[in-house]
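Peer 1: coords please:
(one chain, ligands or ions: 2)
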Amino acid sequence: MTLSLPTDSDLCAQLALWLPEQRWFSGKSLTLSAVRLRLREPLIDTDGFAAEQVVVDVEFAGGPAQRYQIPLAYRVHPPEALLPFALPELDVDPVPGTERPVVYDATADQEVNDHYLTALAEQQTLGSITFRTVAGSAIDTALRSRPIGAEQSNTSIVYGEQLLLKLFRRLEPGINPDLELHRALADSGCEHVAPLIGWIESELDGEPLTLAMVQEFVANAADGWSLAVNSVRDLFVEADLHAAEVGTDFAGEAQRLGEAVAHVHADLARQLGSTHAAVSADTIAGMTRRLDAAAAIVPEIADRRVAAQAVFDKAATAAPTTVQRIHGDLHLGQALRAPSRWIVIDFEGEPVKTIAERRLPDSPLRDIAGMLRSFDYAGHHSLTDFSTMQDSQREFRAKEWTTRNGSAFCDGYASVAGTDPRAESDLLEAYLLDKAIYEAVYEVRHRPNWLPLPVKAITRIIAG
Ligand SMILES: Nc1ncnc2c1ncn2[C@@H]1O[C@H](COP(=O)(O)OP(=O)(O)O)[C@@H](O)[C@H]1O
Ligand SMILES: O=P(O)(O)O[C@H]1O[C@H](CO)[C@@H](O[C@H]2O[C@H](CO)[C@@H](O)[C@H](O)[C@H]2O)[C@H](O)[C@H]1O
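Peer 2: Residues are numbered from 1 along each chain as shown. Ligands and ions are numbered 1, 2, ... in the order given. Reported below is the predicted structural model:
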């Protein structure tokens, strides 16, 4: 049976209707004005079944365009389980003698996902798309695929609980930092990341385009956020015990996590270089820009703008510090506790920054501040009313838990790095404040009832 695949313009019209409904589409609050095809590469073309690797630029009224990867598959009678992934149909007649198939998100189709594995194992080149594996890694094409259930900014597929393929949805020109840093860490033999197996890349406008990354799947792992939250919950249940006395005390894990992060930083510095210099004017200017932008969105920040700027100005005169490639968006959800060690994942950096910005060297203190903020979140998020903190006993215990685990994390970091991040207190405070300001904007946009959490931190930091 010959399939009549949609024309480029029909496909763009279908995508314009479908994209705003997707979890990973970050243009939901903008008015979409056009979808333009940038890449449409056949992946599979058999009797009655086809798949394509598609990249589009999405344009918006009065805003910059965004680029997305959308693997698409085509079947005339797809199994019912695939129908929720279908694009809206257009009322177009098929070419005589052909059948018009249903178009759907190919990442939901096991046959397409199996095909990725074969293409990787054979290091295929399909038009402008190349499938690559790290020297020495063998791929078992018999592994069965399943999509990972989590709500994510990208789409991940697990193969036989052994491999994880992460398809990047939002694309930008240039190598994706997640791949770049995993490659550097693989070269250094770092034990605290999931080993890199391969990647899928293309080229557009003369620039590389990272489409996907394949890593070992860390089986039987728990993520740091869930472990930390369990520990806090148990502390709240045991009204008479201190954090150190509860069975799920997290401090040992926090210390080991600090050690793991220090190893990752040391390996990144060894592989990609580091410098020791005065705090750069660009760093402080970046913090100020973020503060000004946040003040326009969050009134609680506008009220504290002058005091916040003073924290950044103080950091500008801090002693020389180390600058190198870092994780860039570190929090407890980016750490997996594998049976034998902590594994740090998702080196893409902060989603609000461009890839060029995320690839700039920065202070390791940014990552440390990210994790310390996460301990603050874990300690306080379950208090029922953030704004009044009615339960002063719980508030006291949340603070105790946060301080205990933040200290343990820094102790662990210092034991490996040889320098204690707390010694650079002015700069660390500035990174903590910068992160809390970022979080306030994030919460306003995504979880408004969590806003008091970063706002309380901002208030605390500026009070000194
Ligand atoms: N190598 C891995 N092994 C096991 N699970 C993983 C691995 N990498 C990621 N995950 C799981 O997938 C989730 C999303 O991964 P992440 O890299 O943060 O994707 P995204 O950028 O889409 O948020 C993580 O929270 C974790 O549960
Ligand atoms: O999804 P990403 O990993 O890119 O991160 C974004 O979402 C995070 C929330 O899921 C957000 O993190 C904030 O909330 C966490 C608890 O849910 C907390 O552990 C973090 O410390 C806090 O920053 C993150 O900021 C945002 O970029």
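Peer 1: next SSE after the strand or helix carrying Ala266?
Peer 2: Secondary structure assignment for Ala266, by DSSP states H and E: helix 251-272. Moving toward the C-terminus from helix 251-272, the next helix or strand (DSSP H and E) is strand 274-277.
Peer 1: neighbouring contacts of that next one?
Peer 2: The contact list for strand 274-277 (C-beta atoms under 8 Å, 6 or more residues apart in numbering) reads 320-324, 361. The C-beta positions use only the backbone N, C-alpha and C, and glycine is treated the same way.
Peer 1: Which parts of this protein are helices?
Peer 2: 8-18, 110-121, 177-187, 224-237, 251-272, 281-295, 299-302, 305-316, 355-358, 364-380, 392-417, 425-446, 452-463 (DSSP state H).
Peer 1: just the residues of the stretch 351-464 of the chain that are near ligand 2, which are they?
Peer 2: With C-beta under 6 Å from any ligand atom as the criterion, the stretch 351-464 of the chain meets ligand 2 at residues 351, 373-374, 377, 439, 442.
Peer 1: would JSON lines of the residues you listed with neighbour count and pLDDT be doable?
Peer 2: Shown next, in JSON lines, are those (neighbours: other C-beta atoms under 10 Å; pLDDT from 0 to 100):
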{"residue": "Pro351", "neighbour count": "11", "pLDDT": "82"}
{"residue": "Arg373", "neighbour count": "26", "pLDDT": "98"}
{"residue": "Ser374", "neighbour count": "25", "pLDDT": "98"}
{"residue": "Tyr377", "neighbour count": "21", "pLDDT": "97"}
{"residue": "Glu439", "neighbour count": "24", "pLDDT": "96"}
{"residue": "Tyr442", "neighbour count": "16", "pLDDT": "93"}
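Peer 1: For the stretch 251-400 of the chain, give the residue positioned nearest to ligand 1.
Peer 2: Proximity to ligand 1, evaluated over the stretch 251-400 of the chain using C-beta to the nearest ligand atom, is greatest for Asp346 at 3.5 Å.
Peer 1: hmm, the lowest-mean-pLDDT helix or strand in the chain in reach of ligand 1?
Peer 2: In the chain, no helix or strand scores lower on mean pLDDT, DSSP states H and E than strand 145-147, which sits at a mean of 87. No. If you take C-beta under 6 Å from any ligand atom as the test, strand 145-147 misses ligand 1, and the best it gets is 10.9 Å.
Peer 1: can you tell me which two in the residues of the stretch 351-464 of the chain next to ligand 2 are farthest apart?
Peer 2: The span of those, defined through C-beta to C-beta, is set by Pro351 and Tyr377 at 17.3 Å.
Peer 1: Going by neighbour count, which residues of the helix holding Ala266 are buried?
Peer 2: For helix 251-272, burial by neighbour count (16 or more other C-beta atoms under 10 Å) applies to 251, 253-269, 271-272.
Peer 1: what does stretch 94-105 give?
Peer 2: So, applying 16+ other C-beta under 10 Å, buried residues of stretch 94-105: 100-105.
Peer 1: go on, stretch 166-185?
Peer 2: By neighbour count on 16+ other C-beta under 10 Å, the buried set for stretch 166-185 is 166-182, 184-185.
Peer 1: Now for Trp122: which residues touch it?
Peer 2: Small correction: residue 122 is Glu, not Trp. Residues in contact with Glu122 (C-beta under 8 Å, 6+ apart) are Phe131.
Peer 1: now Tyr159: how far from ligand 1?
Peer 2: Tyr159 is 11 Å from ligand 1, where distance means C-beta to the nearest ligand atom, to the nearest Å.
Peer 1: Tell me the pLDDT of that residue.
Peer 2: Tyr159 carries a pLDDT score of 96 in this model.
Peer 1: what do you get for Leu90?
Peer 2: 82.
Peer 1: Sort out which residues of the strand ranked longest in the chain are buried, please.
Peer 2: Ordering each strand of the chain by length in residues (DSSP state E) puts strand 32-46 first. Using 16+ other C-beta under 10 Å as the test for burial, strand 32-46 gives 32, 35, 38-39, 43-44.
Peer 1: For those residues, work out which two are farthest apart.
Peer 2: Maximum distance among the buried residues of strand 32-46 (C-beta to C-beta): 28.7 Å, for Leu32 and Ile44.
Peer 1: surely Pro339 meets Val218?
Peer 2: No. If you go by C-beta atoms under 8 Å, Pro339 and Val218 don't touch, sitting 9.2 Å apart.
Peer 1: Compare these two (neighbour count), which wins?
Peer 2: Using other C-beta atoms under 10 Å as the criterion, Pro339 and Val218 rank with Val218 on top: 18 against 9.
Peer 1: quick one: that one and ligand 1, what's the gap?
Peer 2: 4 Å.
Peer 1: give me phi/psi at that residue?
Peer 2: Here is the backbone geometry of Val218 (degrees, to the nearest 10): phi -80, psi 100.
Peer 1: In contact with it: list those residues for me.
Peer 2: Under the criterion of C-beta under 8 Å, 6+ apart, the contact partners of Val218 comprise 194, 336, 338, 343.
Peer 1: The closest residue to the second one other than its chain neighbours and Val306, how far apart?
Peer 2: Leaving aside its sequence neighbours, Leu336 sits nearest to Ala221 (C-beta to C-beta, 6 or more residues apart in numbering; 4.1 Å). Taking C-beta to C-beta, to the nearest Å as the measure, Ala221 and Val306 are separated by 44 Å.
Peer 1: ok, now Glu180?
Peer 2: Distance from Glu180 to Val306, counting by C-beta to C-beta: 39 Å.
Peer 1: now swap in Gln110 and tell me
Peer 2: 57 Å.
Peer 1: What is the burial count for Ser9?
Peer 2: 11.
Peer 1: Glu99 and Leu5 touch, don't they?
Peer 2: No. Judged on C-beta under 8 Å, Glu99 makes no contact with Leu5 at a distance of 10.5 Å.
Peer 1: for ligand 1, what are the nearby residues on this protein?
Peer 2: Going by C-beta under 6 Å from any ligand atom, the residues of the chain near ligand 1 are 148, 150, 152-154, 156, 164, 166, 194, 215, 217-218, 221, 223, 333, 336, 345-346, 348.
Peer 1: thinking again about what came up before, greatest separation within the buried residues of stretch 94-105: which pair is it?
Peer 2: Every pair in the buried residues of stretch 94-105 was compared (C-beta to C-beta); the two farthest apart turn out to be Arg100 and Asp105, at 17.8 Å.
Peer 1: can you pull the buried residues of stretch 105-120?
Peer 2: Going by neighbour count (16+ other C-beta under 10 Å), the buried part of stretch 105-120 is 105-109, 112-117, 119-120.
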